[in-house]
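Student: Got a predicted model here, sequence first, then my questions.
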Amino acid sequence: MDTIKTEVCNIIEGAIHAAVAAGELAISEVPTIPFSPTKTPEHGDIATPVALGLAKQARMAPRSIAEIIVKHIDSDTHAIIHQIDIAGPGFINIQLSDNWLYETLQTIAAAQKDYGTCDKGAGKRVQIEFVSANPTGPLNIVSGRAAAVGDTLVNLLNAIGYEAIREFYVNDAGGQVQRLGESIDVRYRQALGEEALEIPEGGYQGEYIREFAETLVETAGDKYLELKTDERIARFRDKGIAHILGQQKASLERFGVNFDVWSSEKAIRESGKPEKIIQLFQEQGYLYEAEGATWFRMTDFGDDKDCVVIRQDGEYTYFVPDAAYHRDKFDRGFTTVIDLLGPDHQGHISRLKNFVKALGLPDDWLEISIIQQVNLVDAAGKREDMSKRSGHFLTLDNLIDELAETVGEQFAVDVARYFFLMRANSSHLDFNIELAITHASENPVFYIQYAHARCCSIFEQGSEQGITSKPVEEVSLKHLTELMEHELIRKLAEFPSIVRLSAETREAHRVPHYLHELSGIFHPYYNQHRVLDPADMEKTHARLILIQSVQTVLKNGLTLLGISAPAAM
RNA sequence: GCGCCUAUAGCUCAAUUGGAUAGAGCAACGGACUUCUAAUCCGUAGGUUGCAGGUUCGACUCCUGCUAGGCGUGCCA
């Protein structure tokens, strides 16, 4: 499709130049040729509103501009163009010759699992950091959303030639994990019979803390009471981090997400890099002392407030290791780094970007996307707050467990992934667990998977009848004459640009929507037209090529999403 | 107060980044299994795109001002 577009671009540009040369069009500059979507077959295969855009400059009605442009296109000399029409206010609709459709099928047959990929990002290394949940509790569905999106974005970037990796930043240092240690300590001592203890302010109330503390008692009894309180809490903190991190990893693996790199905040803090950052900021005059703390001149970077980098108690605020961590990412040689953050990190964006700027790194090197929140809602549609500290939340594992009861383990992962992936990153989504479970079997992912299974089934059925598909070179594709067949091929041809657009805009949801649309053309076709027809083997073979192409694209698309493409359902 | 996100069919969401008649899925109603899988298909119904202006050939999309919800906003991450 892309090569076709550039070819058509050239033809139209040529026509505009010719029109200008002939004195029929008074414009000073030929714009880049835009393309608009062709929603109905009447719009042809490719459409451009270029004449509409030229109206002002040329001081002419868009429709007559379109007429002039079309007049200068000699369709006889351009084999790919079958017919050109002018429609509506001045759209130029181009119908391509059928050859183009056949070439699309040949391309897919040749590329197979590589159809949809390109080498646009060749030589560029990208890191996507996502999830990065505190190791203070199980992953909730918000992390699940981030995991699905981040994982798919990495797939998409790799598909268009980038060398992209998944990275998880473990916040295993600082106040949050300290609270974790304290919370475990309270539960531990309670398990040993101490009363009148309470989870400290900002501590973790979740049941999983109690359970973990009880396993500590089971394995070691009251041994830890021999330690001094500080030491015991530190020990519990480290044990708790290891335990919870292990659970998080297991949940992610179950969800089909495998991180390439796990980075530790603690390791960053102990590497001496934060000190270097402070030193650098100091030298550049970005720091000053006030109220017993050290401040960074964020206002120099346009922010309305300065911010503390070293607290009164001498500890770094999280900005410092975070800045050091991003410096470290840069040193590791990534061309681009993408952070997927939750909406609660909104205030973090401009600061982090400013720190990166203060470190002298390129402006566009760090990209930050917010994956919006997932709200739990009850049957009445009322929001329920989720909070790790209060212990009230829906875990990713719970979600998959519940879904698995209705649709089985593999499909549970598919359903959950699809559910998160089909939404734009910016959409705030309300999640009703009851509804999600009762409607699990109605998840649109099945519509797509079923289309794939049907394709497989045709080949299955074919081989039972002794019909095996021929290589595309030996098949006369001219037999694909149905309108729906052409429509299907046009859709298949869109796939590579969907992949590219999705990757470049970091919006994974286009892929699920595309696959759903493709399936939405396939199913009616399947219902109305028989593929296997022993009475007409020429047509049968042509249709098998088409079915194979549909199968390939569905499979490739689902693979990008980390969703299974079953051969039977 | 300020900053960011969101508001589209009864519900959940799209709309190729300014293009043609705003589309899907659920839910509702009516139909189709002796056929390569009915997890499917065909049909009906559903809209002042939160409100008010503006920009232009053209606005769900961009600008301004409102309204509502969410998130953030100098020592949690």
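Tutor: Good, I have the coordinates.
Student: Relative to RNA strand B, how far out is the nearest residue to residue A:517 once chain neighbours are set aside?
Tutor: The spatial neighbour of residue A:517 that comes closest, neighbours along the chain excluded (Cβ to Cβ, 6 or more residues apart in numbering), is residue A:491 at 6.7 Å. From N, CA and C alone the C-beta is placed, and that goes for glycine too. Here residue A:491 is placed at a distance of 11 Å from RNA strand B (Cβ to the nearest atom of the strand, to the nearest Å).
Student: Equivalent analysis for residue A:444, please.
Tutor: As judged by Cβ to the nearest atom of the strand, residue A:444 and RNA strand B stand 5 Å apart.
Student: Just to check, that residue is in contact with residue A:515?
Tutor: No: Residue A:444 is not in contact with residue A:515 according to Cβ atoms under 8 Å; the separation is 9.1 Å.
Student: what are the phi and psi angles of residue A:182?
Tutor: phi -60, psi -40 (degrees, to the nearest 10).
Student: Just give the nearest non-adjacent residue to it, would you?
Tutor: Nearest one to residue A:182, counting by Cβ to Cβ, 6+ apart, is residue A:200 at 5.1 Å.
Student: Which element, helix or strand, includes the residue in the stretch 201-350 of chain A positioned nearest to RNA strand B?
Tutor: At 2.1 Å from RNA strand B, residue A:347 is the closest residue in the stretch 201-350 of chain A, using Cβ to the nearest atom of the strand. If you go by DSSP states H and E, residue A:347 is part of helix A:346-358.
Student: Where does pLDDT dip in chain A?
Tutor: A:1-2, A:379-382, A:385, A:388-391 (pLDDT under 70).
Student: quick one on the thing from earlier: just the C-alpha atoms of the helix or strand just after the helix holding residue A:347, please, in CSV.
Tutor: Using DSSP H and E, the helix or strand that follows helix A:346-358 in sequence is strand A:366-370. Taking C-alpha atoms only, strand A:366-370 is exported to CSV below (Å, rounded to 0.1, in the frame of the first residue of the first chain):
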residue,chain,number,x,y,z
LEU,A,366,12.5,11.0,26.8
GLU,A,367,8.9,10.4,25.9
ILE,A,368,6.3,10.1,28.6
SER,A,369,2.9,8.6,28.0
ILE,A,370,0.1,8.5,30.6
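Student: So which residues on the stretch 201-350 of chain A come close to RNA strand B?
Tutor: Within the stretch 201-350 of chain A, the positions near RNA strand B by Cβ under 7 Å from any atom of the strand are A:265, A:291-293, A:304-308, A:311-312, A:315, A:317-318, A:343-348.
Student: which among these end up buried?
Tutor: A:265, A:293, A:306, A:307, A:308, A:317, A:318, A:348 (16 or more other Cβ atoms under 10 Å).
Student: out of the residues of the stretch 201-350 of chain A next to RNA strand B, which are inside helices?
Tutor: Assigned to helices by DSSP state H, the following of these qualify: A:265, A:346, A:347, A:348.
Student: Out of the residues you listed, which two sit at the greatest distance?
Tutor: Using Cβ to Cβ, the pair of these lying farthest apart is A:265 and A:346, separated by 20.5 Å.
Student: mind listing what the residue in the stretch 451-569 of chain A positioned nearest to RNA strand B touches?
Tutor: Going by Cβ to the nearest atom of the strand, RNA strand B is nearest to residue A:457 of the stretch 451-569 of chain A, at 2.9 Å. Residues near residue A:457 by Cβ atoms under 8 Å, 6 or more residues apart in numbering: A:567, A:568.
Student: and it, which of the three is it?
Tutor: helix (DSSP: H, G, I helix; E, B strand; the rest coil).
Student: Tell me the backbone dihedrals of residue A:286, please.
Tutor: Per degrees, to the nearest 10, the backbone of residue A:286 is at phi -90, psi -10.
Student: neighbours around it, how many?
Tutor: Using other Cβ atoms under 10 Å, residue A:286 has 20 other residues around it.
Student: who's in contact with it?
Tutor: A:296, A:297, A:300, A:358.
Student: ditto for residue A:468
Tutor: residue A:462.
Student: wait, what's in contact with residue A:234?
Tutor: With Cβ under 8 Å, 6+ apart, residue A:234 has these contacts: residue A:181.
Student: Check which residues of the host helix or strand of it are buried.
Tutor: If you go by DSSP H and E, residue A:234 is part of helix A:229-254. Buried residues in helix A:229-254, counting neighbours by 16+ other Cβ under 10 Å, are found at A:232-237, A:239-241, A:243-245, A:247-249, A:251-252.
Student: ok, now stretch A:166-178?
Tutor: Neighbour-count burial for stretch A:166-178, counted by 16+ other Cβ under 10 Å, picks out A:166, A:167, A:168, A:169, A:170, A:171, A:172, A:173, A:174, A:176, A:177, A:178.
Student: next one: stretch A:413-428
Tutor: Result for stretch A:413-428 [16+ other Cβ under 10 Å]: buried residues A:413, A:414, A:415, A:416, A:417, A:418, A:419, A:420, A:421, A:422, A:423, A:425.
Student: just checking: which of these also lie near RNA strand B?
Tutor: Restricting those to those near RNA strand B by Cβ under 7 Å from any atom of the strand leaves A:422, A:423.
Student: Looking at the buried residues of stretch A:413-428, which is nearest residue A:50?
Tutor: Distances from residue A:50 to the buried residues of stretch A:413-428, taken by Cβ to Cβ, are shortest for residue A:425, at 31.6 Å.
Student: need the contact list for the closest residue to the closest one other than its chain neighbours.
Tutor: Setting aside the residues directly before and after it, residue A:425 is nearest to residue A:371 in space (Cβ to Cβ, 6+ apart), at 5.1 Å. By Cβ under 8 Å, 6+ apart, the contact list for residue A:371 reads A:130, A:145, A:146, A:149, A:340, A:341, A:342, A:425.
Student: could these go into a markdown table alongside secondary structure?
Tutor: Formatted as a markdown table, these follow (three-state DSSP):
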| residue | secondary structure |
| --- | --- |
| A:130 | coil |
| A:145 | helix |
| A:146 | helix |
| A:149 | helix |
| A:340 | strand |
| A:341 | strand |
| A:342 | coil |
| A:425 | coil |
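Student: Count the residues that sit near residue A:89.
Tutor: Neighbour number of residue A:89 under other Cβ under 10 Å is 13.
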